[in-house]
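> from the sequence below, what's the structure:
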Amino acid sequence: MTAPRGRTGRPPLTEARRTEIRREIARAAVDLFVTQGVASTTGEQIGRAVGLSARTVWRYFPSKESCVRPLFSEGIDTIAAFLREWPPGRPLEKALDRWLTTGQGIAGGPDRATVGALVRLTRTEPGLRAVWLQTYDEAEPAFARALAERAGLPADDLSVRIRAAMFNAALRAAVEHYAWRGDPAEGEYAAEEGEGAAAAAVLEATLRQALAVAAEGVG
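Here you go, the predicted structure:
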């Protein structure tokens, strides 16, 4: 008589846990990229920082540069959610006020300083730059769907696509402007520990300025 067959070993990971592992890998990769450079960072080092093997890291990401993608895409997802919830007939700047003051926006994100340091690296690291731009390229259809739903138009409507492209470009330009001017080497301001409130205010002001310009076409 044989024993009943069944699943052995550890139970499969939940989607929430997989997402958290991706974020842990992303944060570890950024820390290593900032402290020792992208070229000097290996998959083994990234995995060791979070208690994983390099083989496991590569199951989640195809390259070391792509490890940072969750930190980029989470901000994009938050923006898309904001656009979907933007009430019809309400000016963008008014909706933005509520979004930022309730802590739902990028300025309230837990990885603001980390993402700022990462975006600064995209100026000199082509691999990271490619991931950064690809994230926004893939975000544009999500923005278009959100704006189309709000306007009661199809997502492939030309006016919707143009507005989504304008919003997308304004958002990327604002984050880059904030991050690049925040480079300590340039001496203007930095998102350092102890200066979080000031850094959040600067990012918030930059977003408002950029999106106010975009609102002329979006709203």
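> how many neighbours does Arg59 have?
11 (other C-beta atoms under 10 Å). (C-beta placed from N, C-alpha, C; glycine too.)
> from now on call the first residue 31
Fine by me, first position is 31 from now on; the one you just mentioned is Arg89.
> Three-state assignment for it, please.
Recorded secondary structure, Arg89: helix (DSSP: H, G, I helix; E, B strand; the rest coil).
> could you report the separation of it from Gly73?
11 Å (C-beta to C-beta, to the nearest Å).
> same question, Ala178
According to C-beta to C-beta, Ala178 and Gly73 sit 40 Å apart.
> same question, Glu155
Look at Glu155 and Gly73: by C-beta to C-beta, they are 16 Å apart.
> go on, Arg193?
Counting by C-beta to C-beta, the gap from Arg193 to Gly73 is 40 Å.
> how distant is stretch 160-171 from the center of its chain?
Put simply, stretch 160-171 sits 10 Å off its chain's centre (C-alpha atoms, centre = their mean, to the nearest Å).
> contacts for that stretch, please.
95-96, 98-99, 102-103, 106, 109-110, 149, 152, 185, 191, 194-195, 198, 201-202 (C-beta atoms under 8 Å, 6 or more residues apart in numbering).
> dump that stretch to CSV, keeping only the CA atoms.
Only the C-alpha atoms of stretch 160-171 are listed here, as CSV (Å, rounded to 0.1, in the frame of the first residue of the first chain):
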residue,chain,number,x,y,z
ALA,A,160,16.4,52.6,-20.2
VAL,A,161,14.4,51.2,-17.3
TRP,A,162,13.2,54.6,-16.3
LEU,A,163,12.0,55.6,-19.7
GLN,A,164,10.4,52.2,-20.4
THR,A,165,8.4,52.6,-17.2
TYR,A,166,7.0,55.9,-18.4
ASP,A,167,6.4,54.5,-21.9
GLU,A,168,4.3,51.7,-20.5
ALA,A,169,2.6,54.1,-18.1
GLU,A,170,1.2,56.3,-20.8
PRO,A,171,-1.6,53.8,-21.9
